[in-house]
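A.B. asks: following is a predicted model, sequence given first.
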Amino acid sequence: VRVNGVRPAVYLYEADLKQVLQIVRRPRFLQHIKDDTGSNAGAANDVSAVIVELLLEHGRLRYDQITRAVVARQQQHDSTAAEQNGVNQDTAVDYTEAVRWSFVQLLQEHYVERAPPCNLPPPQFVSAVVSRVKKAAPKPGSAEYADAQSKAMQQLQHKTYEEQRFKAPRELVAGAGLDDDSILAPAANGAAAAADGKPASRKRKKMVGGLSEETAAAAAATAAAEAAAANAAVAKQAAALANKRGKTGKGSSSKAAATAGEGIGESISPVKIEADAGSGPSAAAAAAAGSSKGNLAPGAGGEDPPSASELLWRVNPDEFNRRFRNKVMVDLVADKLGSDAGTVLAAMLSHGRRFETDVKGDIGIAMGVQEVISALKAGQDAGRLPHLSPGANVDALVKALTVDGLGCVQEGPPGLTGATFQVDMSVILSKAKQLQLHAVLRDKFGIHGLRIFNVLWVRGHLEQKQVADTVMQPHKEIRELLYRMFKAGYIQMQDIPRTSDRAPSRSFYTFSVDLSSAYKRLAGDLYQAAGKLHARLTFEMAQHAELVELVESARAAGALNFNMTDSQRKALERLQRVTTALETSMLRLDNMIALFNEY
């Protein structure tokens, strides 16, 4: 983050905890890519997995770097397989087209995205508390108005990036039969039309941050004028104040006023938007959006739009987490209402996925029955959704989801074609959390501990004797369980004094349950368990470092059979069992970690 002010600009850095916590989930990303692209023809399955693996390993890469690395790795894999099978490989397979096709597919499915440019300002903090007191709009020419215009320009840059986040340059989609606006960059459309000598279509106006070019230019000019007016007003006020207080003459007053005006102007950090008179509205719009060649939009002066090799690409973890979240909800509904109901819910979630802006969304988009049928057919044609049972009716299944006590689907506002339905994702995820929490409590404290938790959750504050009578267990056993659960952080205790001195002997204590606190405690326990598993895995690999190095060197040399002693062979078999068990446990823990941390 670049911090500007009166002093020289400095850069501050902070750890991105969200990306750090995604590291343990990377094996699931690769496995999901292999499963999701398994129906594609040729070697696209392996190529897509290699692209994602390279981006996860390096962070951000250009398209030419991705192509070279994937082609080299695939050709090396082919040559190694040919040597092991005793086949002479005369010519190497060219994977360039497979890389291009797989990359476009990953971009179309939102698995890969454009990396944000380095000059993109950090997102603004939006308070969730709605103020009841309405503030008056800032007056034009004031410092508050200039600050508001500056924030508006920053939001314009973010909106421009969001619009081009999953857009592909025309050079990648040429000849692939993908001319949809959802994948084709609008800047490339305009550039190609200008190169052909044809005017751009009126239906596709040049957009800058969601605004037309003329509107963006007008906004930029207005912002520049208002910023200049604000600076002039501040300088005028400073000059008047200096003339009023100054007693050393006209020259000293003018100098003091100018100095004061400069200092105040620096502290306000006004908006400065420069646009040449001969550059036209395109330059003003590009300056307003803060774009440049290779970042967001085509620059001023007729510059070409950025190519695929000039852009940086990265993995979009939100899309993976969104699909993992959808799978959890589908499995829960399928276990309760049947596989057909789960398939219909999967179609609704798949159709609304492209309209979601945040993984932590609560309510899905409103859909009619015909939209659900179309989404179901599209998923079945792509091989991602199974076919319904014979005689199953989509309309009846949607209504069954609506009237079910789980409340996973609710009726939305009436649409043009009739009733609409929305998926209530918060209700389904809340139910999934409760089931996981109950399973953990049963494993840690037994069936009686789970009964105590449910009693306190339903009835609220209870004393030890009341809990024991309700659960119908001995008081001594209930007291031990209550203290163990309280120490673990899954239940809470409230002291109610009978006297003002709050003496323990003259107070009685009640126990209760707070679900949010229990969820946070369980999330912390899951992270602690994952950390212990990772530490154990690191220890085991360090203990057998020489053996691991021996195996890796033999694999790199292509030797299938190499000499090992009996002790080394036994140690290798034990290491394989231990590492497999630890890695499997970490992946299972990650499912619960993602659920209790809202992905």
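C.D. replies: Received, thanks.
A.B. asks: use CA for all of it now, contacts and neighbours both
C.D. replies: Fine.
A.B. asks: for R521, which non-adjacent residue is closest in space?
C.D. replies: Excluding the flanking residues, the one nearest R521 by Cα to Cα, 6 or more residues apart in numbering is G489, at 6.3 Å.
A.B. asks: now do the buried residues in the helix or strand harbouring G524.
C.D. replies: In this assignment (DSSP states H and E), G524 forms part of helix 515-543. Residues A518, Y519, L522, A523, L526, Y527, A530, L533, H534, L537 are the ones in helix 515-543 that count as buried (16 or more other Cα atoms under 10 Å).
A.B. asks: pLDDT on that helix, on average?
C.D. replies: For helix 515-543, mean pLDDT is 93.
A.B. asks: who does that helix touch, helix- and strand-wise?
C.D. replies: Under the contact criterion of 3 or more Cα pairs under 8 Å, 6 or more residues apart in numbering; DSSP states H and E, helix 515-543 touches helix 425-459, helix 566-596.
A.B. asks: V467: neighbour count?
C.D. replies: 24 (other Cα atoms under 10 Å).
A.B. asks: quick one, the helix holding G524 and helix 566-596 angle?
C.D. replies: 160 degrees (axes from the mean of the first three to the mean of the last three Cα atoms, to 10 degrees).
A.B. asks: pLDDT below threshold where in this protein?
C.D. replies: 1-6, 38-45, 89-90, 123-134, 175-305, 558-562 (pLDDT under 70).
A.B. asks: give me the element the residue nearest to the spatial centre of the chain is part of.
C.D. replies: Central residue of the chain (Cα atoms, centre = their mean): D318, 2.9 Å from the mean position. Following DSSP H and E, one finds D318 within helix 317-337.
A.B. asks: and that helix, what's buried?
C.D. replies: For helix 317-337, by 16+ other Cα under 10 Å, it's 317-334.
A.B. asks: next one: stretch 140-153
C.D. replies: Neighbour-count burial for stretch 140-153 [16+ other Cα under 10 Å]: G141, S142, A143, E144, Y145, A146, D147, A148, Q149, S150, M153.
A.B. asks: what of stretch 87-97?
C.D. replies: Buried residues in stretch 87-97 (16+ other Cα under 10 Å): Y95.
A.B. asks: again, but for stretch 430-444
C.D. replies: A432, K433, Q436, L437, H438, L441, R442.
A.B. asks: can you count the residues close to the nearest residue to E411 once chain neighbours are set aside?
C.D. replies: Among residues not flanking E411 along the chain, F421 sits closest, at 4.5 Å (Cα to Cα, 6+ apart). Per other Cα under 10 Å, the neighbour tally for F421 reads 24.
A.B. asks: beta partners for F421?
C.D. replies: Listed by DSSP bridges, the beta-bridge partners for F421 are M367, E411.
A.B. asks: that one touches G415, doesn't it?
C.D. replies: No: judged on Cα atoms under 8 Å, F421 makes no contact with G415 at a distance of 9.8 Å.
A.B. asks: joint contacts of those two?
C.D. replies: Common neighbours of F421 and G415, using Cα atoms under 8 Å, 6 or more residues apart in numbering, are G368.
A.B. asks: returning to that earlier point: let me see the contact set for the residue nearest to E411.
C.D. replies: A366, M367, G368, V409, Q410, E411, G412.
A.B. asks: hmm, back to that, identify the residues contacting the helix holding D318?
C.D. replies: Here helix 317-337 has contacts from 22, 29, 110-111, 340-343, 345-346, 349, 353, 358-359, 425, 428-429, 432, 595, 599, using Cα under 8 Å, 6+ apart.
A.B. asks: got the angle for the helix or strand just after that helix vs helix 317-337?
C.D. replies: Downstream of helix 317-337, the first helix or strand assigned by DSSP H and E is helix 339-352. Put simply, helix 339-352 runs at 160 degrees to helix 317-337, going by the same axes, to 10 degrees.
A.B. asks: what's the angle between helix 339-352 and helix 425-459?
C.D. replies: Using the same axes, to 10 degrees: helix 339-352 against helix 425-459 is 120 degrees.
A.B. asks: what's helix 339-352 packed up against?
C.D. replies: Under the contact criterion of 3+ Cα pairs under 8 Å, 6+ apart, helix 339-352 touches helix 317-337, helix 369-381, helix 394-403, strand 421-423.
A.B. asks: redo those as JSON lines? Include distance to Y13.
C.D. replies: JSON lines is the format used below for these (distance: least, Cα to Cα, whole Å):
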{"stretch": "helix 317-337", "distance to Y13": "21"}
{"stretch": "helix 369-381", "distance to Y13": "43"}
{"stretch": "helix 394-403", "distance to Y13": "47"}
{"stretch": "strand 421-423", "distance to Y13": "39"}
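A.B. asks: closest one to D78 among these?
C.D. replies: Nearest of the helices and strands packed on helix 339-352 to D78, taken as Cα to Cα: helix 317-337 at 29.2 Å.
A.B. asks: please save the CA atoms from the closest one in CSV.
C.D. replies: Output of helix 317-337 as CSV, limited to C-alpha atoms (Å, rounded to 0.1, in the frame of the first residue of the first chain):
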residue,chain,number,x,y,z
PRO,A,317,-9.3,-19.1,-5.4
ASP,A,318,-12.8,-17.7,-4.9
GLU,A,319,-14.2,-19.8,-7.8
PHE,A,320,-12.8,-23.0,-6.3
ASN,A,321,-14.1,-22.1,-2.9
ARG,A,322,-17.5,-21.3,-4.4
ARG,A,323,-17.7,-24.7,-6.1
PHE,A,324,-16.6,-26.5,-2.9
ARG,A,325,-19.3,-24.6,-1.0
ASN,A,326,-21.9,-25.6,-3.6
LYS,A,327,-20.9,-29.2,-3.3
VAL,A,328,-21.4,-29.2,0.5
MET,A,329,-24.9,-27.7,0.1
VAL,A,330,-25.8,-30.2,-2.7
ASP,A,331,-24.6,-33.2,-0.6
LEU,A,332,-26.6,-32.0,2.4
VAL,A,333,-29.9,-31.6,0.4
ALA,A,334,-29.3,-34.9,-1.4
ASP,A,335,-28.9,-36.8,1.9
LYS,A,336,-32.2,-35.4,3.2
LEU,A,337,-34.5,-35.1,0.1
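A.B. asks: didn't the residue nearest to R521 look like it was pressed against S516?
C.D. replies: No: contact between G489 and S516 fails when scored by Cα under 8 Å: they sit 11.3 Å apart.
A.B. asks: please name the residues that touch the nearest residue to L397 once chain neighbours are set aside.
C.D. replies: Nearest non-adjacent residue to L397, counting by Cα to Cα, 6+ apart: A341, 5.9 Å away. By Cα under 8 Å, 6+ apart, the contact list for A341 reads V333, A334, L397, V398, L401.
A.B. asks: ok, A341 to V398 distance?
C.D. replies: Applying Cα to Cα, to the nearest Å, the value for A341 to V398 is 8 Å.
A.B. asks: equivalent analysis for N321, please.
C.D. replies: According to Cα to Cα, N321 and V398 sit 25 Å apart.
A.B. asks: format the contacts of F421 as TSV; extra columns: distance to Q105.
C.D. replies: TSV is the format used below for these (distance: Cα to Cα, whole Å):
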residue	distance to Q105
A366	27
M367	26
G368	28
V409	31
Q410	33
E411	34
G412	32
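A.B. asks: to what extent is T160 buried, counted in neighbours?
C.D. replies: 21.
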